[in-house]
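Colleague: here is my input; please provide its structure:
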Amino acid sequence: MVALVIQAAAALVLVYAGASKLAQPEDIRKTIGALGLPGSPIVLAAALGVAELGAAALLVVVPASPVTSAVVLALGGAFAVAGALAMTRRVQVHCACLGPALSGRLGVRQLLSLPLWIAVAGAGVVDHTVPLAGDRLELLVVLAILVTLGAGVQLTSLVREHRTLYQTMDGS
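Modeller: Now for the predicted structure:
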């Protein structure tokens, strides 16, 4: 039961983070650019958002899978590496980890969160009583609905903001 709670909480965090990155990618693109990572910030930001949503889906559908653990560990490791890079390169940048509303300075926080991601990854492997896909498909549908609603809310605010900017530019 503890594993289920840990994984459900992590899935919710990942849904929010992934949806935020896809709906409002500017902040995470700036973060990626400031770190000087190889590759296009546009592509990397989209890939990170999709990876977070994919990890959330795996935590819901196949929580005891080694693949789920590997994906969660990879994300946690990527977050920790980003924090370490910001610290070693002395880059002062906001992480945009959980979208623009909950961003903070990239660095120590990401390193300190690595043990939490390790716990999430290990929770399903240690607790084999977690039900598998057949019992959790309804949760995946709920997860998809939450992602859609969350992205819709964020996109609605962006549409309003852009509409206001266009009206200001047109003088109407």
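
Colleague: in stretch 78-90, which residues are buried?
Modeller: Going by neighbour count (16 or more other CB atoms under 10 Å), the buried part of stretch 78-90 is 79-80, 82-86. For the C-beta atoms, the positions are set from N, CA and C on the backbone; glycine is no exception.

Colleague: pLDDT of the helix or strand harbouring Thr164, averaged?
Modeller: Assigned by DSSP states H and E, Thr164 belongs to helix 133-170. Averaging pLDDT along helix 133-170 yields 68.

Colleague: about what we covered before: so of the buried residues of stretch 78-90, which ones are in strands?
Modeller: Residues of the buried residues of stretch 78-90 located in strands (DSSP state E): none.

Colleague: list the buried ones in the helix or strand hosting Gly124?
Modeller: Using DSSP H and E, Gly124 sits within helix 108-126. Burial within helix 108-126, assessed by neighbour count using 16+ other CB under 10 Å, is assigned to 110-111, 114, 117-121, 123-124.

Colleague: of those residues, which one scores lowest on pLDDT?
Modeller: Comparing the buried residues of helix 108-126 by pLDDT, Gly124 comes last, at 75.

Colleague: tell me which residues touch that one, please.
Modeller: Neighbour list for Gly124: 3, 7, 59, 63-65, 68-69, 130 [criterion: CB atoms under 8 Å, 6 or more residues apart in numbering].

Colleague: and Gly18, by the same measure?
Modeller: By CB under 8 Å, 6+ apart, the residues touching Gly18 are 48-53, 56, 147.

Colleague: buried subset of those?
Modeller: 48-49, 51-53, 56, 147.

Colleague: all set, thanks.
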